[in-house]
Structures are given as C-alpha cells and as structure tokens.
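> Make a model of this:
(one chain, ligands or ions: 1)
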Amino acid sequence: MAGWLGSAVDNYVYDWLFRAFEKPPGQLHSVVLGIDDATFREHGGISGLRAITTSALELLNGAGAKVVGLDVILADKSEDEARDARLERAIGALKNVVLPCDVQPSGWEDPLPRFQDKAAAIGHVHPDEVRQDGVNRTLPLEMTRGKVRRWALSLEAFRLWQGAPIIESPEDLEIGSVTIPAARSQRRALLIRYVPRGIPRITMSELQANPALIQKMKDKVVFVGVTSQTAARDRIVSPFGDLSGVEVHAHAFETMLGGQFLVPMSNLWQLGMGLIFAALVGVVFAFRAGWQAWILAAVLLAAAHALPVVLFQNGIVAPYFAPVSAAWLTVIGAASYQYFVVRRQLRQSEADKSRYQEAIHFVAHEMRSPLTAIQGSSELMSRYNMGDDKRKQMAEMINSESKRLARMIQTFLDVERLSEGEMELKDDPFEASVLVRTCVDRARPLADRKQIVIHYANPAEATLLGDRELMEYAFYNLLTNAIKYSPAQTNVWIESRIPQGELRLSVRDEGIGMDAKEVRQIFTKFYRTKKAEASGEAGTGIGLSIVDQIVHNHGGRIEVQSEPGIGSCFTMVLTRLSTDRNGPAASPSIANRQI
Ligand code: ADP
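Residues are numbered from 1 along each chain as shown. Now for the predicted structure:
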C-alpha cells in the first residue's frame, strides 16, 4: 500500500516537475512524418499502410534526410509482390534507414529479409512495459528476446546520426561524444526528456498536397509512422499528454541528442536521504525544544520538500514520497516524544513541589509544640519574679525543648535525604529499652494531661542496629498517636519481646480504633480517619508514612491490629539486632534503600 502510494506520488510529482521546469529545447533535429487519418482516408484505409509507407520513403528520396526511422512493421509478405519490390527499392534508395522490430511471444518480429538487407539497422519499437499508471516515462534502450539483443529504434537512429559505434559499459552507453546514462542493471532504461512543445510533424497528406514541405526534412532524422488516433498500434501517455509511438521515438532521439539526461537517484542515496532527514530531525528535537525546535523542524520539512525539485533541476530524479514522509513521520514522532517527555518532567516536578509543600506543612506543624513551650516559658521568666527552683526548671525545659526542636529538624532532614536516596543509614548499636524510655519520658506530659497511664514493664534486653534518632522518631510517633487517639483516663501498654530473633515493640491503646479498611490506608500520606478528625486532635496524616519509611529502611515492618471503639495495637517488628551486646554491630550494614 505504502509502496504503491509512494510510487504514485513520486510519479505524480515527476510529471508535475516536468511541466513546471521544462527545459527549453535546443534546436530540434528530428521531424515526424505522420500517417494520419486523412492519409488513410485518401489511400483506402489501414490496408493501404504498406503502399503509403512506400510512397513516404519514395518522397523522402532526395529530401536529404540524414536518417529515416520507420515505425511500420514490415514482417509480412504482402499479396502484391510488385508492391513489396517497390518498397524494397525505396528502402535501398535511402541512405540510413532503420527498420522496426517488435516483440512476439516467439521472439523478434523482424522485417522481411529482403527489406532488412536494404536497411542500415533494425531497432526495436517496443514501448516500456513498466508503466504503473499508464504514463510512459522511460524507454528500454536494449531488449533481448530469444538471445537476440536489439537496440531501440531511436538509439539506432542516433548511432547513425552520430556516425559512431555504441560502446557499452555496465553503467552507460557511449556514442561518439555523448554518454548516455543507462545502466545495464536498470534495463538500460532511458528517462525520456519529452520536448514540451512536441516534435515538428508533417503528415503524409500534407506532404502530398504540398511537396515543398519536403525541404523541412533536409539534414534531419525523419521518423515515419502512424499518428492516426484510430489506427495507431500504440498510443502512449506522456507527462505532456497522448503521443503516438513514432513520436515517442523522436522524443527519445532528441533526449539523446540534447545530452541533458535525467538520472534516477541510486537506491543507496534514496535510503541515505531518508535517513539523513530522520537523523537531522532527531538531532533537532534532542537538542532544542519549543519554538526553536519547531522552526528548525519546519526548515527541515521545507528542505525535504524542496530537495527533489532542486535535484530534478540538476538532472537527478529523486523520490519525493520517501524523504518527505520520513521527514514528516520523524517530526511527528520526535515532537510527540518530546511532548510526552516534557509532560513527564512537568508531572515529576509538580510531584516534587507538592512533596516539598507537604514537608513544609509537616515541619511547621511538628515544630509548633516545642516552640510554644519555649515561647511560653521564656515569657513567664521575663514577666514574673520566680524562685530559683522554678526558674531553673523553666530553663531546663527551654533547653530540652530547643534540643528536641533541633533533633526534629535533624530527623526531618534525614528523612528527606533518605527518601531522596542520598543518605546511608547509620548502623549504630543502641539499646531498645533506652529508646523506649526516652520516648515515654518525653510523651509523659501529654499522657498526664489526659490522665492516661503508660504501662511499660519487663522490657526485653535487645541491642538494635540502625539510626537511633530516626527510630526514636518512629516509636515516639506511635506512642503519641496512641495517646492522641485515646479518650482520657485510659491505658497505653508498651511491650517488647524477642520471639524468634525479632524484636517486637508494640504500643497498645484503648482508643478510638479503626476498621480494616482504614488500617490499610493510614500509611498513606495525609490520610486521617473520620474519627481522628472528629476527635479534635491536631494531625497532618504524615507521621505514620514516615514511620513506615524508617522501619522499612531498617529492614523491619509494622503490624497493626485495631477495632473501632476498642483500641489499636501498633507493633514495630525489627530484625536488625546486634548479637554482641557489648561490641559494635555484627550484622551486615543496612543498605541504602529508597523509601
Ligand atoms: P496524624 O496523627 O498526624 O494524623 P499519622 O500519620 O500519625 O498522622 O496517623 C494517620 C492517621 O492514622 C491518623 O490521623 C488516625 O486517623 C490514624 N491513627 C494513627 N494511630 C492511631 C491510633 N493509635 N488509634 C486510632 N487511629 C490512629
């Protein structure tokens, strides 16, 4: 389909170029002596063809034509022996007569030997069979049938005109000073450069009516043949319209004489041209974007459209469809690829932006409570006179809260860098019980405010490996959630056990609880249950997602059990434990994993 379309477009453009950029012909050296309808009428119709041919050749005797190319098949004996003898004499009387032969299934349909003997050459008058859309653009200069090779009639006429032999090479034919580009591999096909305004034509009936016209044949190559619309053996469509076969021979002769040959571009160059356009388009879109890319692509497209025209003007027939469609397809492909890449980058940067905003939101929220404590205490200290003990207590509080703030900032930065994959996790050993104690101490004021009792008994002795700050952050988060989402005067239990070499650190509450669907979502950033929202507790819905990241990065997992109205139990299951309780880490270091 594409191939058919391609050659249809190429042919159309070729014919158009022909008409648009017609070369002004030099002086023409051929004349067509046409046997037209009027001639037939005057000589008893088609059956009179041989008699008409004889008269034509007789008229040419003494006209001074350099070569006579006859396009009337003389393969059969006529019933009238006297007429054939007259024709034989007429041929013999002329100097350079080329007689025609045509293709038959059995081989060449040659002129009778008696005529052949008198002729200077025999040339084939078989039109090119390669005509996709009926338009005849080429002429095979060489044809072989039954091992007998024949040159085209027009080529033989040209050889006689030049008075030089045909010297063959695989790529071209050389006759005297003219080299005809007609490669053997291309069936020695000659691209005919049709003479736009046609070859001068004189009909037999005109010549018989006005014998003075014979002067126009002097020093010319005269092609004699049937030009009658109805009687012509072959009507041929050229880019300029319909022609008879004999006229095509004349056009082909003028093409050779003019020496301005059209040469088809080689397959390799055709392929190269498509590839070059595709590569250039690729380069444009790889290194340029936006209007710059579009302008350059437009320039390339214009070049792809213009190149066949420029080449044609220089005698090279390049395909139009292949490079133009290659350029268009690659422009469309590259542009849409670029569009999607840009869109992906945009989406990525928007995701980054919203992550950044979330982070800011989170920091602002988390920092509020220590800042409020610092602010309140320092204000109290400056406003009121208070005892040394009280003052000391407040100073200590400011100190510890500001330290917490610093830790929080550090934690936040670490989590950020962890999630960017920029940070190697620390691999320090630390005691699980100390970690729990620190968090409990810090969360106690919160619990006290709600009269919640934190139970922590019989902690398992275990040395964890990892980043203590981050683990502390994670556990503290679970603990404060348990307090946040529990009603006043309830209990929170902390348990640590080591079954099968894993440390199970759990926080159990008697709080609002969650159903199974909610549990599945709590590790998603910004997710908060309806009950949590209604509880009036401030929250961002971000904490657990960070806890999850931290625990997973430490090679652990989190298990959640919860029931609405009954309570929840969050368990951190940690596997990185040090076997050497006094020494440094014995287990392999934690790989830096993206969370
Ligand atoms: P925040 O507590 O700031 O909202 P988290 O990510 O820590 O954010 O928690 C996400 C949500 O999970 C909470 O909003 C709450 O709905 C639910 N949740 C967490 N812990 C508990 C708990 N112990 N009991 C009930 N709901 C909880």
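
> In the stretch 201-350 of the chain, which residue sits nearest the ligand?
Glu350 (22.9 Å; C-beta to the nearest ligand atom). C-beta here means a position set from N, CA and C on the backbone, and glycine is covered the same way.

> Which helix or which strand is home to that residue?
Using DSSP states H and E, Glu350 sits within helix 321-383.

> what's that helix packed up against?
helix 2-20, helix 267-287, helix 290-313, helix 388-419 (3 or more C-beta pairs under 8 Å, 6 or more residues apart in numbering; DSSP states H and E).

> Now do it and helix 388-419, the angle between them.
Orientation check (axes from the mean of the first three to the mean of the last three C-alpha atoms, to 10 degrees): helix 321-383 against helix 388-419 gives 170 degrees.

> What's the mean pLDDT across helix 321-383?
Averaging pLDDT along helix 321-383 yields 84.

> And stretch 187-204, by the same measure?
89.

> buried sites along that stretch?
Buried positions in stretch 187-204, judged by neighbour count with 16 or more other C-beta atoms under 10 Å: 187-195, 198-199, 201-204.

> and what of stretch 163-181?
Buried, per 16+ other C-beta under 10 Å, within stretch 163-181: 166, 172-173, 175, 178, 180-181.

> can you give me the offset of it from its chain's centre?
44 Å (C-alpha atoms, centre = their mean, to the nearest Å).

> And stretch 497-511, by the same measure?
Centroid separation for stretch 497-511 versus its chain: 58 Å, with C-alpha atoms, centre = their mean.

> export it as PDB, just CAs?
Output in PDB follows, covering the C-alpha atoms of stretch 497-511 (Å, rounded to 0.1, in the frame of the first residue of the first chain):
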ATOM      1  CA  ARG A 497       9.500  -9.200  73.200                       C
ATOM      2  CA  ILE A 498      12.100 -11.100  71.200                       C
ATOM      3  CA  PRO A 499      10.400 -14.200  69.800                       C
ATOM      4  CA  GLN A 500      12.500 -16.000  67.000                       C
ATOM      5  CA  GLY A 501      15.300 -13.400  67.000                       C
ATOM      6  CA  GLU A 502      13.000 -10.500  66.100                       C
ATOM      7  CA  LEU A 503      12.300  -7.600  68.400                       C
ATOM      8  CA  ARG A 504       8.600  -6.900  68.600                       C
ATOM      9  CA  LEU A 505       8.000  -3.400  70.100                       C
ATOM     10  CA  SER A 506       4.300  -2.700  70.400                       C
ATOM     11  CA  VAL A 507       2.100   0.100  71.600                       C
ATOM     12  CA  ARG A 508      -1.500  -0.800  72.500                       C
ATOM     13  CA  ASP A 509      -4.200   1.700  73.400                       C
ATOM     14  CA  GLU A 510      -7.900   1.700  74.400                       C
ATOM     15  CA  GLY A 511      -8.700   4.400  71.900                       C
END
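
> Need the contact partners of it.
With contacts defined as C-beta atoms under 8 Å, 6 or more residues apart in numbering, stretch 497-511 is touched by 432, 436, 460, 462, 464, 475, 478-479, 481-483, 485-487, 490-496, 566-575, 577.

> among those, which are in reach of the ligand?
Among the contacts of stretch 497-511, proximity to the ligand is found for 481-482, 485, 568 (C-beta under 6 Å from any ligand atom).

> Dump the residues you listed into a markdown table; add neighbour count and distance to Pro127 as well.
Putting those into a markdown table (neighbours: other C-beta atoms under 10 Å; distance: C-beta to C-beta, whole Å) gives the following:
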| residue | neighbour count | distance to Pro127 |
| --- | --- | --- |
| Asn481 | 22 | 93 |
| Ala482 | 27 | 97 |
| Tyr485 | 21 | 95 |
| Ser568 | 24 | 94 |
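
> element containing Asn458, please.
Applying DSSP H and E, one finds Asn458 in no helix or strand.

> Can you get me a residue count around it?
For Asn458, the neighbour count with other C-beta atoms under 10 Å is 7.

> Can you list the strands that the strand or helix carrying Val224 pairs with?
Using DSSP H and E, Val224 sits within strand 221-226. Here strand 221-226 has these sheet partners by DSSP bridges: strand 30-35 (parallel), strand 67-71 (parallel).

> which of the ones you listed is buried the deepest?
Highest mean neighbour count of the strands paired with strand 221-226: strand 67-71, a mean of 29 (counted as mean count of other C-beta atoms under 10 Å).

> With just CA atoms, put the very next helix or strand once past it into PDB.
As assigned by DSSP H and E, the chain's next helix or strand after strand 67-71 is helix 81-93. The C-alpha trace of helix 81-93 is given here as PDB (Å, rounded to 0.1, in the frame of the first residue of the first chain):
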ATOM      1  CA  GLU A  81       4.800  -8.900 -55.000                       C
ATOM      2  CA  ALA A  82       5.300  -5.800 -57.100                       C
ATOM      3  CA  ARG A  83       4.400  -3.600 -54.200                       C
ATOM      4  CA  ASP A  84       7.000  -5.300 -51.900                       C
ATOM      5  CA  ALA A  85       9.600  -5.000 -54.600                       C
ATOM      6  CA  ARG A  86       8.800  -1.300 -54.900                       C
ATOM      7  CA  LEU A  87       9.100  -0.900 -51.100                       C
ATOM      8  CA  GLU A  88      12.400  -2.800 -51.200                       C
ATOM      9  CA  ARG A  89      13.700  -0.400 -53.800                       C
ATOM     10  CA  ALA A  90      12.500   2.600 -51.800                       C
ATOM     11  CA  ILE A  91      14.400   1.400 -48.700                       C
ATOM     12  CA  GLY A  92      17.500   0.700 -50.700                       C
ATOM     13  CA  ALA A  93      17.400   4.200 -52.300                       C
END
